[in-house]
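Peer 1: sequence? don't have it. structure:
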């Protein structure tokens, strides 16, 4: 149960807090997450409950590098209903079939992404780093994932049939925007350091 603590001094605040608690519980209960890996024409699902301490187990993928799709979705009647968010990454499983998030350059990627998010609100004195390119699945990988979703989760697929292509387009546009931001930040830094401004 999700609890929002209040001082107990205001009945109105207590009611608002309780409504917020109920809303958060409903949202959490109405969402799900799956990880889908594509390798050699097959889709391998990794259930969230099997992920422990950032370690994703899948023995069938031992020693393989695969594309992984993280999928967050709405549920209806406790079944996947509509995709809310997806993200892709290329990941490597060790010889025991474990992908360990902690061994990746995840923190470097997050640092760069945060710099771009922060730069929208605050001008930095340093130029922005080179943006991290999005991991884009091949057309074949997209088709394999979509066919898997169509067969295994037909309602989810029906309500989200173009979400992967939309994500790819958005990711490519965002990357181009970050490249322009980086170039501008380097240009401004050169002007400032060389006294052209």
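Peer 2: Here it is on my side, so go on. Keep in mind the model is a prediction, meaning the values are calculated, not measured.

Peer 1: Give me the distance from stretch 129-137 to the chain's centre.
Peer 2: Counting by C-alpha atoms, centre = their mean, to the nearest Å, stretch 129-137 is centred 13 Å from the centre of its parent chain.

Peer 1: residues of it that come out buried?
Peer 2: For stretch 129-137, a neighbour-count test (16 or more other C-beta atoms under 10 Å) marks 131-132, 134, 137 as buried. For every residue, glycine as well, the C-beta is placed using N, CA and C.

Peer 1: so which of these comes closest to residue 41?
Peer 2: residue 137 (13.3 Å; C-beta to C-beta).

Peer 1: Angles on the backbone of the closest one, please.
Peer 2: Main-chain torsions, residue 137, degrees, to the nearest 10: phi -70, psi 150.

Peer 1: Residue 30 versus that one, what's the distance?
Peer 2: As judged by C-beta to C-beta, to the nearest Å, residue 137 and residue 30 stand 27 Å apart.

Peer 1: Quick check: chain neighbours aside, which residue is closest to the residue sitting nearest the centre point of the chain?
Peer 2: Per C-alpha atoms, centre = their mean, the C-alpha nearest to the average position across the chain is that of residue 87, at 4.2 Å. Counting by C-beta to C-beta, 6 or more residues apart in numbering, residue 70 is the residue found nearest to residue 87 once chain neighbours are left out, at 4.7 Å.

Peer 1: helix, strand or coil for the one you found?
Peer 2: strand (DSSP: H, G, I helix; E, B strand; the rest coil).

Peer 1: gap between residue 120 and residue 185?
Peer 2: Distance from residue 120 to residue 185, by C-beta to C-beta: 12 Å.

Peer 1: what's the average pLDDT for the one helix or strand residue 88 maps to?
Peer 2: Residue 88 belongs to strand 79-92 when assigned by DSSP states H and E. Mean pLDDT, strand 79-92: 93.

Peer 1: Okay, buried residues for that strand please.
Peer 2: In strand 79-92, counting by 16+ other C-beta under 10 Å, buried: 80-81, 83, 86, 88-89, 91.

Peer 1: just the residues you listed now: which is nearest residue 194?
Peer 2: residue 89 (39.2 Å).

Peer 1: Isn't the closest one up against residue 133?
Peer 2: No. Residue 89 is beyond contact range of residue 133, at 11.8 Å (criterion: C-beta atoms under 8 Å).
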